[in-house]
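Chemist: 3D, please:
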Amino acid sequence: MGKQATPPRALVATPSTPLHSAPRLIPLLEGTSNFDEWKETLWDTFEQKGLQRFIDGALLFPPIPVEGSKEYDVWDRDRQLAKAILKQSVGLLTEQLLAMGWRPKHKDPLHHYGAVLGLIMKSAESSGLTGRLVEQLCKIDRGDFMSLASYKGRLQTLRQRLTNLGYDMDDRFYLHVAINGLQSTNRRWATLLQQQMSDGSLTWHELMQAMYGKAIRERGDAIF
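Modeler: You can find the predicted model right below:
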């Protein structure tokens, strides 16, 4: 049998990229199947090149420079670059995006990014992907995993995938699910964590740190 073909990739580089820097590779977005990889690589690229301000409305940046100034020329060049990167990486979904009201000539990169997110969220809902991810999360059980590390990794993956699809719930929901999944293998620890969550003294980040430490000790015990 011949080698399996790899998905096409969009090579994205900028005129200001130093010659010694390796260009980033952003995968051509095919749909929900590689959305997580596309989004992660896109954000890495935008942060590396200082372009994230064009797609993250939560970030506070200085106002747009006065048109005609050198600062405006730099800002406009970066805006055009952000738009070009986005459009280049979603070419396979052009027809679907157009059907949802996407305007390819729009100057604002946020318009293009928002159109992609809207399409992916709609596709995830219609295909049942979102529901399946939530179901997997709610049924997760430490006993189904070879190690605490793999259980922790699956929890983080499911949360990240739901977040990428715009369905991130608050910490308390994820804490409840994660702690409940520990009941089958470590009821005592789960009870302690439940008390900490009820007291408001446990965050998601702290739980992940606690799991990491316990997973390290668990691995050491297995070796010795």
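Chemist: give the next helix or strand downstream of the helix or strand where G118 lies.
Modeler: Here G118, judged by DSSP states H and E, is contained in helix 109-127. Following the chain from helix 109-127 toward its C-terminal end, the next helix or strand by DSSP H and E is helix 129-138.
Chemist: mean confidence (pLDDT) on that next one, please.
Modeler: Over the span of helix 129-138, the pLDDT mean works out to 95.
Chemist: residues of the next helix or strand after that helix that come out buried?
Modeler: Under the assignment DSSP H and E, the closest C-terminal helix or strand after helix 129-138 is helix 148-164. Of the residues in helix 148-164, those buried by neighbour count under the rule 16 or more other CB atoms under 10 Å are L148, A149, Y151, K152, R154, L155, L158, R159, R161, L162, N164. In short, each C-beta sits where N, CA and C put it, glycine included.
Chemist: elements contacting the helix or strand following helix 148-164?
Modeler: As assigned by DSSP H and E, the chain's next helix or strand after helix 148-164 is helix 171-180. With contacts defined as 3 or more CB pairs under 8 Å, 6 or more residues apart in numbering; DSSP states H and E, helix 171-180 has these neighbours: helix 148-164, helix 187-199, helix 204-223.
Chemist: hmm, 7 Å instead?
Modeler: Contacts defined by 3 or more CB pairs under 7 Å, 6 or more residues apart in numbering; DSSP states H and E place helix 171-180 against helix 187-199, helix 204-223.
Chemist: closest to A124 out of these?
Modeler: Smallest distance to A124 across the helices and strands packed on helix 171-180 (CB to CB): 22.5 Å, for helix 204-223.
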